[in-house]
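In: Take a look and give me a structure for this.
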Amino acid sequence: MDMEKYIRAGYPALYIVSTEEYRTLKTVTKTAEKLGLSTITWTVTGGFDGKGQPIDPVTAILSVSDFEDTIVAYINFHFFLSDPSVIQAIKDVIPICKAQGITLVFISSRLAIPKELEKDLTVLEFSLPTEQELAEILQRIAKEQGINLNGRVSEIVKAGLGLTAEEFENAIALSLVTTKDIKAEIIREQKAQLVARNPALKFSTFKGGFETLAGLENLKRFAKRIVLSGKGRGILVLGVPGTGKSHFAQCLGNETNRPTLMLDFGLLMSSYVGETEQRTKEALDIAEAMAPCILFIDEIEKGLAGVSKGAYVGDSGVAQRQGGIFLKWLQDHDSDVFVVATCNDISKLPPEYLRAERWDAVFFVDLPNAEERKAIFELYRKHYNLRDDQIDIDDIVKFTENWTGAEIRSLCRLASALDCPLSEASTYIKPIYETMRDEIEALREWAKHRAVPASAPPTKTATVAGRKIRS
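Out: Got it, this is the predicted structure:
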């Protein structure tokens, strides 16, 4: 956080986004002392410096005209920033702050700045504790409790990265109560609560691995290798709906023994100025805190709708800024978070989303070929326990030509649920290729020279010197 340089430059009003009220205030106080300034704190219950004399928000702002060379810190003041009187009071004292060396510092856990103050408040983000800070907390508590860490400091600290100082201390306390020791696995369990508290993130509960997904061998092989290398950024998986893109993303985490977080960009949107961007940063921070992990974004073109021209009238570029934050993070982050984003309509994504170093590769998932359709059918025939007498279609591979994997699964599920032959179940299925042929062909044409095929080429057989060989 560059708070010191802004105060030196005479910025009159700063807005610090932080969930760590005490630690942030401590940093503000240290900065003030370093610069030879006084510090005064206001809360709604205690007034200035907790003297037990509450002062209403408007008076609390206008009162700063009595100060000089002072940092005035307001705790959780965002609740009052929608009040027209408060807005005007802040605007009235800005010139006074500049003239008298006063800096208003609003400390809040969330960003909620009205448009009227958008140009007056400079937003700063208070970083979570560093490894060194967490190590100091850990060693202090271990010394107090007489715990021998036996070279486990690095492991425990890495498990705590992404937690606030207070959350880290609480997790250590829980570990002490539970095990009489400080264990990294208990710290990690508590860190999972970060995901539970964020509505846009949730853990995938899917249990299967690649054995539950037929085909897509090129995609499976590449993704598993690069994830396990720890050097990957992510892949964009483009394809026809129902071809297993989302299934693959959830399998990948289980195959590589990593948690899979599912991110919904739509749930990050907010009507407050700057809050959508802040929520996006927080969600990405949580993903980094859970590293190593898979971050799954389904149908990214819908989640980031409008990145090229604004999602809606009155959007004010929120979607563009949100998309920009995600792209910058995707390219620059050095944490072991592997992103799998799926896309059905590539025309909705602007060119910058396809640039090198944003993704390790762009894969195209086409309708399954004959070998894949056979494997998919065998998979679901067994899964739904279909009897031989229900399989009344002579050549199931030919029958399901231009079907998606989801449609083949639906065929088997309906036959099982209705206890009827496949031929009867098929009357309830209308393949997507019949209704979206032009779109699918256009997608194939786009991917021909721009994406890597997700499926391996069909196996060719031939007879040489009386032997059947495969190439």
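
In: ok, now which ones touch the closest residue to L349 other than its chain neighbours?
Out: Spatial nearest neighbour of L349, excluding adjacent residues (CB to CB, 6 or more residues apart in numbering): E301 at 5.3 Å. Using the backbone N, CA and C atoms, a C-beta is placed for each residue, glycine as well. When contacts are counted by CB atoms under 8 Å, 6 or more residues apart in numbering, E301 touches 343-346, 348-349.

In: For these, give me CSV that also has neighbour count.
Out: CSV is the format used below for these (neighbours: other CB atoms under 10 Å):
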residue, neighbour count
C343, 23
N344, 20
D345, 14
I346, 20
K348, 17
L349, 19
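
In: Would you reformat those residues as JSON lines and include distance to R381, secondary structure and pLDDT?
Out: JSON lines is the format used below for the contacts of E301 (distance: CB to CB, whole Å; DSSP: H, G, I helix; E, B strand; the rest coil; pLDDT from 0 to 100):
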{"residue": "C343", "distance to R381": "30", "secondary structure": "strand", "pLDDT": "92"}
{"residue": "N344", "distance to R381": "27", "secondary structure": "coil", "pLDDT": "90"}
{"residue": "D345", "distance to R381": "32", "secondary structure": "coil", "pLDDT": "88"}
{"residue": "I346", "distance to R381": "33", "secondary structure": "helix", "pLDDT": "85"}
{"residue": "K348", "distance to R381": "36", "secondary structure": "helix", "pLDDT": "84"}
{"residue": "L349", "distance to R381": "37", "secondary structure": "coil", "pLDDT": "83"}
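
In: Pick out the most distant pair among those.
Out: The most widely separated members of the contacts of E301, counting by CB to CB, are N344 and L349 (10.6 Å).

In: List the beta-bridge partners for the closest residue to T43 other than its chain neighbours.
Out: The shortest distance from T43 to any non-neighbouring residue, by CB to CB, 6+ apart, is to I75 (4.8 Å). For I75, the beta-bridge partners are I107 (DSSP bridges).

In: residues touching I75, list them.
Out: By CB under 8 Å, 6+ apart, the neighbours of I75 are 21, 25, 41-43, 107.

In: Where strands are concerned, which of the residues you listed count?
Out: Using DSSP state E, the members of the contacts of I75 that fall in strands are 41-43, 107.

In: right, and V28 touches T39 too?
Out: Yes - if you go by CB atoms under 8 Å, V28 and T39 touch, sitting 6.5 Å apart.

In: about what we covered before: buried ones in the one helix or strand the residue nearest to L349 maps to?
Out: Secondary structure assigned from DSSP states H and E places E301 in helix 300-303. Going by neighbour count (16 or more other CB atoms under 10 Å), the buried part of helix 300-303 is 300-301, 303.

In: and it, how far from the chain's centre?
Out: 13 Å (CA atoms, centre = their mean, to the nearest Å).

In: Beyond that helix, next helix or strand please.
Out: Sequence order places helix 318-332 as the next helix or strand after helix 300-303, per DSSP H and E.

In: CA atoms only for that next one - export them in PDB, please.
Out: Extracted in PDB, the C-alpha atoms of helix 318-332 (Å, rounded to 0.1, in the frame of the first residue of the first chain):
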ATOM      1  CA  VAL A 318     -17.900  -1.800 -15.200                       C
ATOM      2  CA  ALA A 319     -17.800  -4.900 -17.300                       C
ATOM      3  CA  GLN A 320     -14.800  -3.600 -19.200                       C
ATOM      4  CA  ARG A 321     -12.900  -2.800 -16.000                       C
ATOM      5  CA  GLN A 322     -13.800  -6.200 -14.500                       C
ATOM      6  CA  GLY A 323     -12.600  -8.000 -17.600                       C
ATOM      7  CA  GLY A 324      -9.400  -5.900 -17.500                       C
ATOM      8  CA  ILE A 325      -8.700  -6.900 -13.900                       C
ATOM      9  CA  PHE A 326      -9.200 -10.600 -14.800                       C
ATOM     10  CA  LEU A 327      -7.000 -10.400 -17.800                       C
ATOM     11  CA  LYS A 328      -4.200  -8.600 -16.000                       C
ATOM     12  CA  TRP A 329      -4.400 -11.100 -13.200                       C
ATOM     13  CA  LEU A 330      -4.400 -14.000 -15.700                       C
ATOM     14  CA  GLN A 331      -1.300 -12.900 -17.300                       C
ATOM     15  CA  ASP A 332       0.600 -11.600 -14.300                       C
END
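
In: With that, I have no additional questions.
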